[in-house]
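Chemist: Got a predicted structure plus its sequence, pasted below:
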Amino acid sequence: MKNKTILAVILIAIAVAILAGFFASSHPDGLEKVAGGLKFEERTKTTPGVFIDYQLPMFPYPALSTALAGIIGLIIIFFIFKSIARMKYLGEFLKKLLNSR
């Protein structure tokens with residue numbers, strides 16, 4: 001039951017990541033709009049990155065690119081949380097081990 005629930009949550013999260021790509025706005029977000037309105041956007045330096053404007057530049061289709069960026073971001077977050085959970089489990093295990101002596 002627990003594995004089915006985890007699988008269902010993962011599949012729902014992937015579906016949301018894919019569908020969000022089709023509904024993503026092409027308009028600037030709040031920070032970009034304020035920077036443009038205050039005219040300091042031109043003075044900023046743009047650093048190269050993988051997820052520029054929430055897309056993967058190597059894919060020519062914007063909706064697909066945004067969906068893939070969402071899925072990759074989801075996978076990264078999953079492994080971060082999994083690592084944190086393992087560290088917590090390891091910490092609890094070491095605490096029990098040290099207290100048992």
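Modeler: Right, received. Where do you want to start? Values in this document were obtained by computation on a predicted structure and should not be read as measured data.

Chemist: Please tell me how far the residue sitting nearest the centre point of the chain sits from T47.
Modeler: Per CA atoms, centre = their mean, the C-alpha nearest to the average position across the chain is that of G73, at 3.0 Å. According to CB to CB, to the nearest Å, G73 stands 18 Å off from T47. From N, CA and C alone the C-beta is placed, and that goes for glycine too.

Chemist: now swap in A85 and tell me
Modeler: From A85 to T47 the distance is 31 Å (CB to CB).

Chemist: Name the residue in the two with the higher neighbour count.
Modeler: A85 (10 against 6; other CB atoms under 10 Å).

Chemist: what's the spacing between the more buried one and V16?
Modeler: For A85, the distance to V16 equals 22 Å [CB to CB].

Chemist: for the residue lying closest to I71 once chain neighbours are set aside, what are its contacts?
Modeler: In this structure, I71 finds its nearest non-sequential neighbour in A17, 5.0 Å apart by CB to CB, 6 or more residues apart in numbering. By CB atoms under 8 Å, 6 or more residues apart in numbering, the contact set of A17 is A67, G70, I71, G73, L74.

Chemist: Okay, and the fourth one sits in which element?
Modeler: Read it as G73. helix 62-99 (DSSP states H and E).

Chemist: Check which residues of the worst-scoring helix or strand of the chain on mean pLDDT are buried.
Modeler: Sorting the helices and strands of the chain by mean pLDDT, DSSP states H and E puts helix 30-37 at the bottom, at a mean of 78. For helix 30-37, a neighbour-count test (16 or more other CB atoms under 10 Å) marks A35 as buried.
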